[in-house]
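Novice: Fold the following for me, if possible:
(one chain, ligands or ions: 1)
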Amino acid sequence: MSATPTGPTDGPVVDDRPVVEATNITKRFGSTLALSEAGIVVRRGETHALVGRNGAGKSTLVSILTGLQAADTGTVTFDGEPAPPLGDRDAWRRQVACVYQKSTIIPTLTVAENLFLNRHARGPGRLIRWNALRNDARELLAEWSVDVDVRQPASTLSVEQRQFVEIARALSFGARFIILDEPTAQLDGAGINRLFGRIQDLRAQGVTFLFISHHLQEIYEICDQVTVFRDARHILTAPVAELSRPALVAAMTGEDVSMPEAVHRRLSADVPVLLSVQDLVTASGAELSLEAKAGEVVGIAGGGGSGKVEVAEAIVGLARPASGTVTLDGRVLRPGSVPDALDAGVGLVPQDRHREGLVPLLSIAENVTMTVPHRIGRRGLISPARRDAVARQSIADLAIKASGPHVPVSDLSGGNQQKVVMGRALASDPKLLVLITPTAGVDVRSKQTLLGVVDDVRRDGTAVLVVSDELDDLRICDRVLVMFQGRVVREMAHGWSDNDLVAAMEGVDLHHV
Ligand SMILES: Nc1ncnc2c1ncn2[C@@H]1O[C@H](COP(=O)(O)OP(=O)(O)OP(=O)(O)O)[C@@H](O)[C@H]1O
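Specialist: Here you go, the predicted model:
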């Protein structure tokens, strides 16, 4: 790997030995080369970004740095010492922890139990000393200023609290090096600010972070070094301040990339209304009425708690609304029924691809064609050739990085899994495409591909709802309805300014209603 320039940082650099150094790491999965003589050096006290396109090898490196997988070749050292043997989990926990997007907290246990249950001294008769356990948990959280009641069940924690509890747990094992894997993906603006404040505080207390994100502005905000991986290789490591945004994108993609142009088409008056949502009220009380014409792209924007996801889920049948009707091309959809919505011509990219999206152990072909049995066979008999053809088309159209249609979805990187979800939504040639946070966890180039799809389908007369708080997602819309606290507070015509939209999502500027 290239030399690591160590520019002056404003953080407390204590000594110069790297907290972690991975050198010449190669890792293969069958015929896939996930890492090729790649490496990284993270120095004490820095917040170091690891970026790269989907499938670049980031997660594979994290699994090797945390002792979950062995590299085929190469070495890992912590503070100059060889990494522990793979099986010695406790020794690894003393060095490093990763806070993943998916929680590793057990929801049915309390916060205190999650923190200490398996390593707490027991009293006479090996009984758990609950008071002592709770006190230790309280002390730990107080030490790291985490304001959470240790008796509450972990299932009641917000995403943000859960992350803080996981960080405190890692610190309690002695680790002072923490990997954050897409930590902001499920947080709203205020939550991100609090997380960043916490990272700065911990950094001042001597904690080193490796920060993985597809949001480049976050890297410029919070990190001082950045390492770029591309196609399984280390491309560069540099101080963030010395790398321009175009140079960073170019390093990630090997080319210059710009986001899809916001092409705005004026829909003529005689284009028919395809989707009509009338007086929809969700179980949590969010309200929406809207009409979308054939070929129209309507954004539903809003921060956390705005109700945008709830209304979208009610439209597509993932949740049963309290009242209201959804009509698609003259057909009233059955409330709370996804099969009915699919049958009526809805294509869906759900918010959580792990929960409602994919069956990980099935192949790309099986996942993509799951909702369109009629396209791949007759009378219950599936034609494998036709199924593979549909999948190959998706792989080509969406530039899915995989060796073929039979690869299990669990072997794909996160961003490529998201493309499979999009492929499945498109496989039915939907009349209405509903995209809920479609580019979460997706790199710049893949974002361009996914958003480019919208332009293709709208040309064919599909109505599209884009439900998101990402400005890049919303920019492709003909108009954006902004929700705040369960209501549409503003409709923004195409050509809005970033500031106006962000202000509206934050609930500012309500006089425009
Ligand atoms: N268990 C596995 N079996 C087979 N292939 C795998 C496995 N894990 C990862 N891969 C492959 O290794 C490559 C690197 O994947 P990795 O998950 O490390 O990428 P990533 O940079 O984390 O991507 P993303 O940003 O999309 O999460 C990809 O081509 C992926 O398909």
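Novice: separation between S244 and M252?
Specialist: 13 Å (Cβ to Cβ, to the nearest Å). (Glycine included, C-beta is placed from N, CA and C.)
Novice: Apologies, that question was intended for E506.
Specialist: Distance of E506 to M252, computed by Cβ to Cβ: 30 Å.
Novice: Those two: who's more crowded?
Specialist: Set side by side, E506 and M252 show more neighbours around M252, with 23 against 16, by other Cβ atoms under 10 Å.
Novice: Correct me if wrong: the more buried one contacts S446.
Specialist: No. Counting by Cβ atoms under 8 Å, S446 is not a contact partner of M252; they are 11.0 Å apart.
Novice: for the stretch 251-400 of the chain, what are the low-confidence residue spans?
Specialist: Low-confidence segments of the stretch 251-400 of the chain, defined by pLDDT under 70: 255-267, 354-356, 375-380.
Novice: Helices of that one, start to end?
Specialist: Per DSSP state H, counting those that start in this stretch, the stretch 251-400 of the chain carries helices over the ranges 308-315, 338-344, 364-368, 384-397.
Novice: same check, this time on the stretch 401-513 of the chain
Specialist: 414-427, 444-459, 471-475, 498-505.
Novice: Packing partners of the longest one?
Specialist: Looking back up the chat, that one is helix 444-459. Packed against helix 444-459 by the contact rule (3 or more Cβ pairs under 8 Å, 6 or more residues apart in numbering; DSSP states H and E) you find helix 245-253, helix 414-427, strand 432-436, strand 463-468, helix 471-475.
Novice: From the ligand, how far out is the spatially most central residue of the chain?
Specialist: Centroid-nearest residue in the chain, with Cα atoms, centre = their mean: G441, separated by 3.6 Å. Separation of G441 from the ligand (Cβ to the nearest ligand atom, to the nearest Å) stands at 7 Å.
Novice: Could you verify my assumption that that residue touches N416?
Specialist: No. With contact defined as Cβ under 8 Å, G441 does not count as touching N416 (10.3 Å).
Novice: so what's in contact with the two at the same time?
Specialist: The contact sets of G441 and N416 overlap at N54 (Cβ atoms under 8 Å, 6 or more residues apart in numbering).
Novice: count of neighbours near T26?
Specialist: 15.
Novice: In a strand, it, correct?
Specialist: Yes. Looking at T26 with DSSP: H, G, I helix; E, B strand; the rest coil, it is inside a strand.
Novice: low-scoring stretches of the stretch 51-200 of the chain, by residue?
Specialist: 120-128.
Novice: would you say T60 is within a helix?
Specialist: Yes. Under three-state DSSP, T60 falls within a helix.
Novice: For it, which non-adjacent residue is closest in space?
Specialist: Using Cβ to Cβ, 6 or more residues apart in numbering and skipping residues adjacent in sequence, the residue nearest T60 is A34, 4.2 Å away.
Novice: Could you check how far stretch 59-69 is from the centre of its chain?
Specialist: Stretch 59-69 sits 19 Å away from the centroid of its parent chain (Cα atoms, centre = their mean, to the nearest Å).
Novice: ok, the residue nearest to G336 when sequence neighbours are not counted - how many residues close by?
Specialist: With Cβ to Cβ, 6+ apart as the criterion, G336 has its nearest non-adjacent residue at 3.0 Å, and that residue is R320. By other Cβ under 10 Å, 13 other residues sit near R320.
Novice: Identify the residues contacting R320.
Specialist: 283, 314, 335-336.
Novice: Next, give phi and psi for it.
Specialist: The phi/psi pair for R320 (degrees, to the nearest 10) reads phi -90, psi 120.
Novice: where's it relative to V467, distance?
Specialist: Applying Cβ to Cβ to R320 and V467 gives a distance of 18 Å.
Novice: before we move on, what about Q448?
Specialist: Remark: distance between Q448 and V467 (Cβ to Cβ) = 19 Å.
Novice: In terms of neighbours, single out the busier of those two.
Specialist: Comparing Q448 with V467 by other Cβ under 10 Å, the one with more neighbours is V467, at 28 against 18.
Novice: got the buried residues for stretch 397-410?
Specialist: 397-402, 405, 407, 409 (16 or more other Cβ atoms under 10 Å).
Novice: Please identify which of those residues is nearest to the ligand.
Specialist: The shortest approach to the ligand among the buried residues of stretch 397-410 belongs to K401, at 5.5 Å (Cβ to the nearest ligand atom).
Novice: And the closest one, what's its pLDDT?
Specialist: Among the per-residue scores, K401 holds a pLDDT of 88.
Novice: I'd say it and D411 touch.
Specialist: No. Between K401 and D411 there is no contact under Cβ under 8 Å: 10.7 Å.
Novice: Pull the residues that contact stretch 53-61.
Specialist: 22, 25, 27, 34-35, 38, 40, 50-52, 69, 181, 212, 229-233, 252-253, 401, 412-416, 418, 441-446.
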